[in-house]
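# Mind folding the following:
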Amino acid sequence: MVACGLHVKKTYVLDTNVVLHDPLAIYKFEENEVVIPIFVIEEVDQFKKELSELGRNARTIVRILDELRAQEGASLQAGVVLRETGGLLRVSVPKVEPRRGGHGAMDNAILQAALDLRDASPDQPVVFITMDSNLRIRADVLGLRAENYEGGRIDIDELYSGIVTVDAPPELVNALGGRENVLLERLSDYTDISLLHPNAGVVLRDMSQAKHTALGIHDQKQGALTPLRVGKQGCWGVRPRNLEQYFALDLLLRPEVHLVTLVGKAGTGKTLLAIAAGLQSVVDDGAFSRMLVSRPIFPLGRDLGFLPGTVEEKLNPWMQPIYDNLEYIFTAGRGRMSDGRDYQELVAAGVIHVEALTYIRGRSLPSQYLIVDEAQNLTPHQVKTVITRAGANTKVVLTGDPYQIDNPYVDAASNGLTIVAQRFQDERIGAHITLTKGERSELAERATQLL
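As a prediction, the model looks like this:
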């Protein structure tokens with residue numbers, strides 16, 4: 001379908017990194033014109049054979065363009081109407097072939113294509129969309145409007161914290177503190193209960209005495225605030241040390257909550273709480289058949305290269321942080337009361353399984369407590385792959401710090417962890433807590449603040 005005489009408001013020129021990050025990006029610009037320079041297609045071609053997410057995305061955008069091209073009477077050069085949005089998509093071909101060769105030659109060619117479009121249509125705004133900050137700076141210097149690709153991005157500073165404070169009369173605070181449910185309708189005169197997300201941690205504060213509080217979880221199914229099920233004793237020797245950890249541990253132990261995201265800086269207890277709750281749920285409560293702990297493989301600093309040995313021996317350096325947490329639980333906490341058992345015994349029995357995420361595609365994981373550590377290094381598609389592996393009666397816990405990302409293809413706003421936290425905030429089976437207070441040690445906390 002050739003677009004003849006179609007009026008468009010703006011022209012958006014997409015860089016290669018945009019279509020490789022999101023092959024459906026062409027549908028995210030409403031009733032505007034979307035232009036893909038021919039050089040972008042050349043760059044995409046270099047990735048299409050890779051057995052990675054980049055390769056998958058490259059093949060997807062190529063397939064989409066080929067399907068649009070195959071429509072009767074269609075021409076990508078003249079423009080094809082996108083039925084889903086009413087916008088226009090076309091592939092631009094330069095009248096004069098730019099010089100090739102040298103570092104950044106393809107970036108220069110794509111940027112020049114955007115500049116040529118701007119000069120050819122001075123009355124129509126042209127916006128260059130790229131996830132390359134350096135290229136955005138260069139475009140701005142040359143007088144071309146440039147923006148980051150915002151599709152699927154979350155403002156990390158505005159991410160839902162999972163905890164709210166509600167002022168209420170003392171009788172309701174006393175009721176919740178006395179282990180009674182408090183119906184939300186009884187709070188409707190004091191707060192807008194429609195704004196409470198499912199499984200939100202609620203601090204019910206006495207409106208006459210601010211220091212008098214009670215803690216509860218918004219149970220959407222019951223339409224009430226329910227008291228916390230976890231006490232000061234915690235579980236497996238791990239005791240919550242602050243308000244956020246109380247809510248996090250409680251949600252980690254609730255079987256009706258099937259997805260929990262924990263976001264926080266280093267030392268806030270994300271992984272330790274998740275593993276302790278997993279041991280409680282699997283070993284003591286028998287709610288799941290085993291605890292599976294996994295993490296993506298990304299080195300800190302320069303990689304050591306090839307590692308000899310079996311798969312288990314190769315993975316040991318990457319999985320060591322998990323074993324460190326298990327060692328702490330069994331030596332500093334529950335281990336002293338467990339008749340000499342250690343975590344290796346549970347690993348050998350298959351109750352605890354630690355592995356990399358590399359081979360999770362295609363698997364089905366029923367009745368398991370699945371913890372994915374360092375989930376901020378996963379792309380949205382990779383997180384989707386992980387969560388969709390969950391079988392019946394499986395709980396998924398994602399932990400990570402969006403400000404410590406080793407994956408060069410995601411950032412604090414586009415990683416899978418923060419996107420899942422935002423997308424599931426209104427789901428009855430999902431819960432989220434942002435942990436801000438470091439509890440590892442005074443030194444670790446001060447280093448996080450000062451360095």
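# which residues does the residue nearest the centre of the chain contact?
Nearest to the geometric centre of the chain sits Leu417, at 1.7 Å (CA atoms, centre = their mean). Shown in contact with Leu417 (CB atoms under 8 Å, 6 or more residues apart in numbering): Thr261, Val263, Ala375, Gln376, Leu378, Val383, Leu398, Gly400, Pro402. For the C-beta atoms, the positions are set from N, CA and C on the backbone; glycine is no exception.
# can you give me the strands for the stretch 301-450 of the chain?
352-356, 368-372, 395-400, 430-435 (DSSP state E, counting those that start in this stretch).
# helices and strands around the second one, which ones?
In other words, strand 368-372. helix 270-279, strand 290-295, strand 395-400 (3 or more CB pairs under 8 Å, 6 or more residues apart in numbering; DSSP states H and E).
# Give me the contact list for the last one.
Which is strand 395-400. Strand 395-400 is contacted from outside by 252, 255, 257-263, 270-271, 274, 277-278, 281, 288, 368-377, 383, 386-387, 390, 415-417, 420-421, using CB under 8 Å, 6+ apart.
# Which of those fall in helices?
Per DSSP state H, helices hold the following members of those: 252, 270-271, 274, 277-278, 383, 386-387, 416-417, 420-421.
# Tabulate those (CSV), appending pLDDT and distance to Leu187.
Shown next, in CSV, are those (pLDDT from 0 to 100; distance: CB to CB, whole Å):
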residue, pLDDT, distance to Leu187
Leu252, 97, 25
Lys270, 93, 30
Thr271, 92, 34
Ala274, 95, 30
Ala277, 95, 28
Gly278, 94, 33
Val383, 90, 34
Val386, 90, 36
Ile387, 93, 32
Gly416, 89, 34
Leu417, 92, 31
Val420, 93, 29
Ala421, 92, 25
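# Now which of these would you call buried?
Taking 16 or more other CB atoms under 10 Å as the criterion, what is buried in those is 252, 270-271, 274, 277-278, 383, 386-387, 416-417, 420-421.
# Report how many residues lie close to His86.
One thing to correct before we go on: residue 86 is Gly, not His. Residues within reach of Gly86, counting by other CB atoms under 10 Å, total 12.
# so what's it closest to, chain neighbours aside?
Once flanking residues are discounted, Gly86 sits nearest to Glu31: 4.5 Å by CB to CB, 6 or more residues apart in numbering.
# Show me where the stretch 101-250 of the chain has its strands.
Using DSSP E, counting those that start in this stretch, the strands of the stretch 101-250 of the chain run over residues 126-129, 145-147, 163-168, 182-183, 201-206, 213-219, 224-227.
# quick one: least confident helix or strand in the chain?
helix 311-332 (a mean of 74; mean pLDDT, DSSP states H and E).
# Secondary structure of Leu89: a helix, I assume?
No: counting by DSSP: H, G, I helix; E, B strand; the rest coil, Leu89 is located in no helix; its state is strand.
# give me the low-pLDDT residue ranges for the stretch 251-400 of the chain?
For the stretch 251-400 of the chain, the stretches with pLDDT under 70 are 298-318, 332-341, 359.
# one more time with 80, if that's ok
Counting by pLDDT under 80, the ranges of the stretch 251-400 of the chain that qualify are 297-319, 332-343, 356-362.
# Now do the contacts for Arg363.
Applying CB under 8 Å, 6+ apart, we find Arg363 in contact with Arg389.
# ok, now how distant is it from Pro198?
28 Å (CB to CB, to the nearest Å).
# residue contacts, the residue nearest to Gly86?
With contact taken as CB under 8 Å, 6+ apart, Glu31 is in contact with Val8, Lys9, Thr85, Gly86, Gly87.
# Among the residues you listed, name the ones in strands.
Judged by DSSP state E, the subset of those located in strands is Gly87.
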